[in-house]
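Visitor: Fold the stuff below for me.
(one chain, ligands or ions: 2)
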Amino acid sequence: MLETLIVGASGYTGAELAAYLRRHPEINIKGLMVSAQSADAGKIFSDLHPQLKGLVDLPLQPLTNVAEAAKGVDVVFLATAHEVSHDLAPQFLAAGCVVFDLSGAFRVDSPEFYTRYYGFAHQHGDWLKKAVYGLAEWQAEKLKQAQLVAVAGCYPTASQLALKPLVEAGLLDEQQWPVINAVSGVSGAGRKASMTTSFCEVSLQPYGVFTHRHQPEISAHLGIPVIFTPHLGNFPRGILATITCRLKPGIGEEEIKAAFYNAYHNKPLVRVYEKGMPALKSVIGQPFCDIGFAIDGQHIIVASAEDNLLKGAAAQAVQCMNLRFGFNETQSLL
Ligand SMILES: NC(=O)C1=CN([C@@H]2O[C@H](COP(=O)(O)OP(=O)(O)OC[C@H]3O[C@@H](n4cnc5c(N)ncnc54)[C@H](OP(=O)(O)O)[C@@H]3O)[C@@H](O)[C@H]2O)C=CC1
Ligand SMILES: CC(=O)N[C@@H](CCC(=O)OP(=O)(O)O)C(=O)O
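Guide: Ligands and ions are numbered 1, 2, ... in the order given. Below is the predicted model:
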């Protein structure tokens, strides 16, 4: 049995982690943590997330001393903001814990990337180098050795799962950058109140145009440049990415189908459609990323759908943990 902490347990992804981990036969949830100053410290977790009433009724504990909190703990999930994870992860790692970080704090091995896109100077270049990028379907071998897993971002997961089979098989015309248009539900911005995510303000709209931090995350791990435009949608959860690319001359449906088959025929959490396009309703509340495509001449449109809080965050984190410890990949997820 692995003793496990969820830090940031009162948040959206933290709550989803608790829901999965409570039913994992190899995991004991030892503690649900929030910040030392949290207004929710001392409250019962399920009073904040009543869907888990009677299932996870532990108190939310203030994280006042990391060394103390890490005692007897094997695994830590950090469902915290990037800056918070950046500070906490090295402390839990120093205490010997295996850390699964849902934030972007360790996803790209480039200190300049953090200054430019995250607005802070990264202090842990050693861990940036050692971190394994948690895009589970593509990192199974590396994950087995990882002490720090930087779980892939929500948009980057939907985007890369759709594009990587085509890139790896060399099917795309390299002169034409893939154009990714993706819409996310509001839970992507977290649970804390803010003006931009308040009910009356939200209206379908692009944001972060040419500047969103997920563009370089996707490019860095895909190995090619992309255009990425996120949109905020007026629904609670889910991401739909619609991606337009140009194929190399002579590439057709047969090659595309083969590329997706080779990549995912034995990957239970990616479902590639024989025909039709995925919709959010098929993945909300599910740990899957669903992919569909259509070809017209040299153009291909690939669409991928996921629940941002699940395959885009908590489910993928648990999937990475399953792979790390040699459990069934979908344990507690399906
Ligand atoms: N939402 C999404 O769709 C996705 C989110 N992510 C990433 O996952 C992380 C969590 O996201 P999300 O669940 O949406 O965030 P939320 O804002 O919903 O939750 C953040 C949690 O962190 C806690 N927290 C804040 N500061 C500290 C601290 N210093 N020590 C311990 N706990 C702290 C908060 O509680 P309190 O403030 O009361 O202490 C809260 O429990 C972020 O890095 C996000 O970028 C990744 C993929 C998708
Ligand atoms: C709708 C919305 O605001 N989405 C967030 C992305 C979700 C997220 O938390 O980003 P990571 O996957 O990198 O952790 C944003 O655009 O900043």
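Visitor: Asn308 and Leu240 touch, don't they?
Guide: No - Asn308 lies out of contact with Leu240 (C-beta atoms under 8 Å); the separation is 10.2 Å. (C-beta placed from N, C-alpha, C; glycine too.)
Visitor: Can you give me the pLDDT of Lys311?
Guide: In the predicted model, Lys311 carries a pLDDT score of 98.
Visitor: ah, wrong one, I meant Ala193
Guide: 87.
Visitor: Now do the contacts for it.
Guide: Applying C-beta atoms under 8 Å, 6 or more residues apart in numbering to Ala193 gives no contacts.
Visitor: how about the residues of this structure near ligand 1?
Guide: 7-14, 33-35, 38-40, 63, 79-82, 84, 102-103, 153-154, 187-188, 190-192, 308-309, 312-313 (C-beta under 6 Å from any ligand atom).
Visitor: Among Asn308 and Leu240, which residue is more densely surrounded?
Guide: Asn308 (29 against 22; other C-beta atoms under 10 Å).
Visitor: Kindly indicate whether the more buried one is helix, strand or coil.
Guide: coil (DSSP: H, G, I helix; E, B strand; the rest coil).
Visitor: Gly276 and Ser332: what is the separation?
Guide: 29 Å (C-beta to C-beta, to the nearest Å).
Visitor: ditto for Ala36
Guide: 30 Å.
Visitor: okay, those two: which has more neighbours?
Guide: Of the pair Ala36 and Ser332, Ser332 is the one with more neighbours under other C-beta under 10 Å, namely 21 against 11.
Visitor: and the lowest-mean-pLDDT helix or strand in the chain, does that touch ligand 2?
Guide: The helix or strand of the chain with the poorest confidence is helix 111-113; it has a mean of 93 (mean pLDDT, DSSP states H and E). No - on the criterion C-beta under 6 Å from any ligand atom, helix 111-113 is out of touch with ligand 2, staying 12.3 Å away.
Visitor: My guess is Leu21 contacts Leu32. True?
Guide: No - with contacts counted by C-beta under 8 Å, Leu21 stays clear of Leu32, the gap being 10.0 Å.
Visitor: Overlap of the contact sets of the two?
Guide: Ile6.
Visitor: So what's the residue count around Glu254?
Guide: Residues near Glu254, counting by other C-beta under 10 Å: 8.
Visitor: Tell me which residues of whichever strand or helix holds it come out buried.
Guide: Per DSSP states H and E, Glu254 falls inside helix 253-264. By neighbour count with 16 or more other C-beta atoms under 10 Å, helix 253-264 contains the buried residues Glu255, Ile256, Ala259, Phe260, Ala263, Tyr264.
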